[in-house]
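**Q** With the sequence up front, the predicted model follows.
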Amino acid sequence: MKRWIFLLAGLGMLGAVGWWWWPAPVAAAAPPAPAPGAASMASMPSSLPAHPMLSAQQLDPRDRDEDGNGLPDHLDQYIAREYAATPIARRTAQRLARSWLEAAAEVRDPEAARRVGQQIARGIACMLSPAVTAEAGVDVLEMRRRMLDTRAEALATPERTEGYLRFQHYANGLYFDDPGEGACEAESAGTA
């Protein structure tokens with residue numbers, strides 16, 4: 001008899017989860033997806049699918065990009081503070097953050113996931129390279145922790161988190177080239 005209680009409770013929870021994730025009816029046709037690289041940070045939240053609990057008109061005030069470098073101001077400040085002593089790590093962190101934000105905002109198919117994934121892989125390889133970790137005065141594990149903290153800061157809104165999960169779905173099973181020694185070429189040249 002007690003087994004039926006657990007079965008009914010489990011079915012009730014399954015029904016509640018199914019109701020929560022059931023897609024909402026679409027009132028109008030969605031606008032066409034922007035071309036890769038065309039969406040700016042200001043338009044990013046409107047390009048993501050709306051979550052049933054979030055208003056499509058909600059914009060996080062943290063999304064302001066006053067200097068126009070493609071990164072929200074709070075993220076610029078975080079990277080400047082976290083990587084203050086190492087210019088090459090700071091430029092690489094900015095490049096990685098742009099790639100993470102692009103992954104969250106613009107990836108809609110496996111080809112885009114491969115392109116953005118290559119950028120992310122190159123940035124990670126640069127950040128973990130012996131030259132960058134030595135210049136920063138940290139080991140690989142500490143640099144990895146800093147990168148994960150920076151990614152968490154970059155993806156700190158529900159819309160970005162959902163977009164990044166979509167990117168991970170499309171990137172699932174893809175392999176990215178190891179950039180090897182050339183991972184930091186663009187950063188050492190001073191381009192970010």
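**A** Arrived safely, thanks for sending.
**Q** residue contacts, A131?
**A** The contact partners of A131, by C-beta atoms under 8 Å, 6 or more residues apart in numbering, come to 88, 184. For glycine as for every other residue, the C-beta is placed from the backbone atoms N, C-alpha and C.
**Q** Can you tell me the element it falls in?
**A** Assigning secondary structure by DSSP states H and E places A131 in helix 130-136.
**Q** For that helix, which residues meet the burial criterion?
**A** 132-133, 136 (16 or more other C-beta atoms under 10 Å).
**Q** The nearest residue to L96 once chain neighbours are set aside: what secondary structure?
**A** The shortest distance from L96 to any non-neighbouring residue, by C-beta to C-beta, 6 or more residues apart in numbering, is to G123 (3.8 Å). Assigned by DSSP: H, G, I helix; E, B strand; the rest coil, the conformation of G123 is helix.
**Q** Helix or strand next in line after the worst-scoring helix or strand of the chain on mean pLDDT, which one?
**A** Every helix and strand in the chain was compared by mean pLDDT, DSSP states H and E; the lowest is helix 44-47, with a mean of 40. As assigned by DSSP H and E, the chain's next helix or strand after helix 44-47 is helix 73-82.
**Q** contacts for that next one?
**A** With C-beta under 8 Å, 6+ apart as the criterion, helix 73-82 contacts 62, 64-67, 69, 71, 90, 93-94, 97, 146, 149-150, 153-154.
**Q** still on that earlier bit, next, work out how far apart the residue nearest to L96 and A113 are.
**A** Computed as C-beta to C-beta, to the nearest Å, the G123 to A113 distance reads 15 Å.
**Q** from what I can see the residue nearest to L96 touches T92, true?
**A** Yes - the criterion here is C-beta atoms under 8 Å, and G123 meets it with T92 at 5.7 Å.
**Q** quick one: which of the two has more around it?
**A** T92 (29 against 26; other C-beta atoms under 10 Å).
**Q** May I ask which helix or strand encompasses the more buried one?
**A** helix 87-106.
**Q** Using neighbour counts, pick out the buried residues of that helix.
**A** Neighbour-count burial for helix 87-106 flags 88-106 (criterion: 16+ other C-beta under 10 Å).
**Q** distance between the ends of stretch 67-86?
**A** With C-alpha to C-alpha, to the nearest Å as the measure, the ends of stretch 67-86 fall 21 Å from one another.
**Q** Next, the buried residues of it.
**A** By neighbour count on 16+ other C-beta under 10 Å, the buried set for stretch 67-86 is 70-72, 74-76, 78-79, 82-83, 86.
**Q** In TSV, list the residues you listed along with pLDDT and distance to H169.
**A** Below are the buried residues of stretch 67-86 laid out as TSV (pLDDT from 0 to 100; distance: C-beta to C-beta, whole Å):
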residue	pLDDT	distance to H169
G70	80	24
L71	89	24
P72	89	24
H74	88	27
L75	91	24
D76	91	29
Y78	94	27
I79	94	27
E82	92	29
Y83	92	30
T86	88	33
